[in-house]
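In: my questions are about this predicted structure, shown below with the sequence.
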Amino acid sequence: MSEQKSNIDDKKFSLKKIPKKPLFVVVFVLINIIVIAITAFSEFGNSANAAKLEDVKINGWFLIPAVICFLVAITAEIHKYVVMMREMNKKENFDLAHARKVARRTVLLGKYYDSITPAAIGGQPFQIYYMRKNSGLSAGVSTSIPVFGMMAGQLGFIIIALLCFLFGSASIDNAVLIGTAFFGLIFYAFWPVMVLIATFLPKSTTELINKVVAFLAKIHIVKNRKATTAKVELEVAEYAKCVRRALKTKGLFLKTILLSLAFNTLIAMIPFFVLTAFGGDVDFLPCFVTTVAVTSAVYFVPTPGNAGAAEGAFFVVFSALSTGYVFWAMLVWRFFSYYIYILIGPIIYFIMHLEKKRTENGKAKDEKNQK
């Protein structure tokens, strides 16, 4: 199959289109506000013991490194996509400014869709759709970049988690959490491991898929065995093709892994600074290892942004605070890890709408001047 043609249909990824009228933009923003309000109430609405905001004492200086961690992490993730676009670009002329713009929107809108769809299934399809429409690269490369970016991100987290479990688990006294985290890591590792196996051992992958689907059909989890097997085989084959395409680019794998390690490390550092800002007496290593363990433990929860389970699980991290402060500390953490993406999404769409209107007006003026 050539790079201009892919088994993945563009229509499959047409999840959202830029609103065509200002009214649609306003409605879209209002819908997002409602989603945030409902989610926030479900997560934090029962916090009757929360201290009054005016009574909360915060050391704001420790929130500065939390903000820096978030900004540098997002910058690393965006740069990862710029690197992939540059390294996999077959054209002589590479527009760095355009690549940064596309990468920025691909990352942030991808995380927006991850945040509003169950089990974070919407982010990557949108990223593929957006890149194929806006990157200027071939369809095959535009499909490969989000897939390879996701793979590198998951592998980066797996490396950090394994290092934490092997060398840092002794710093926390919670065997149940570590056990749950290992279980979650299996879910986290399943897809990238399958794709890597499919990339280098395609026949073995087919046999493994058949056995797994057969088992799931036997216990009545899968209803249509043949259709499910065919679908999974097609998806794994497509992903494997994307990985092979990316691996042919010298040095790209190492660069994306390093940037993914930076992103995941910085994000996992944020709870420590939030806890310290709210007066928590915690050491960095136990807090970091616990954060990674909890992130792994809630991965398989099929709710948007792991809503509900994330708060319950992360209570282990924030329990170092007094009861009244836990609410506000977790709210700040959830802003960095979840709500900020839901807020950024509509803003980017509004900017895209203005850009589209400006382009249309410019074309209309040119046509008028020509007449």
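Out: Good, I have the coordinates.

In: buried ones in stretch 226-244?
Out: 228-229, 232-233, 235-243 (16 or more other Cβ atoms under 10 Å). C-betas here are computed from N, CA, C, even on glycine.

In: who are the contact partners of the closest residue to residue 134 other than its chain neighbours?
Out: Among residues not flanking residue 134 along the chain, residue 102 sits closest, at 5.4 Å (Cβ to Cβ, 6 or more residues apart in numbering). Shown in contact with residue 102 (Cβ atoms under 8 Å, 6 or more residues apart in numbering): 81, 85, 130-131, 134-135.

In: hmm, try it at 10 Å
Out: Taking Cβ atoms under 10 Å, 6 or more residues apart in numbering, we find residue 102 in contact with 78, 81-82, 85, 95, 130-131, 133-137, 142, 145.

In: and which of those residues is nearest residue 267?
Out: Nearest to residue 267 among those is residue 78, at 13.9 Å by Cβ to Cβ.

In: give me the buried positions along the helix or strand encompassing that closest one.
Out: Under the criterion of DSSP states H and E, residue 78 resides in helix 63-87. Judged by neighbour count using 16+ other Cβ under 10 Å, the buried positions of helix 63-87 are 63, 65-66, 69-70, 73-85, 87.

In: please apply the same query to stretch 179-188.
Out: 180-182, 184-185, 188.

In: ok now it, how far from the chain's centre?
Out: The chain centre lies 18 Å from the centre of stretch 179-188; the measure is Cα atoms, centre = their mean, to the nearest Å.

In: output that stretch in PDB, but only the C-alpha positions, please.
Out: In PDB, the C-alpha atoms belonging to stretch 179-188 read as follows (Å, rounded to 0.1, in the frame of the first residue of the first chain):
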ATOM      1  CA  GLY A 179       0.100  -4.600  43.000                       C
ATOM      2  CA  THR A 180      -2.800  -2.600  41.400                       C
ATOM      3  CA  ALA A 181      -0.200  -0.500  39.600                       C
ATOM      4  CA  PHE A 182       1.500  -3.600  38.100                       C
ATOM      5  CA  PHE A 183      -2.000  -4.800  37.000                       C
ATOM      6  CA  GLY A 184      -2.700  -1.400  35.400                       C
ATOM      7  CA  LEU A 185       0.700  -1.400  33.700                       C
ATOM      8  CA  ILE A 186      -0.200  -4.700  32.000                       C
ATOM      9  CA  PHE A 187      -3.100  -2.800  30.400                       C
ATOM     10  CA  TYR A 188      -0.900   0.100  29.600                       C
END
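
In: off-centre distance for stretch 125-138?
Out: Centroid separation for stretch 125-138 versus its chain: 17 Å, with Cα atoms, centre = their mean.
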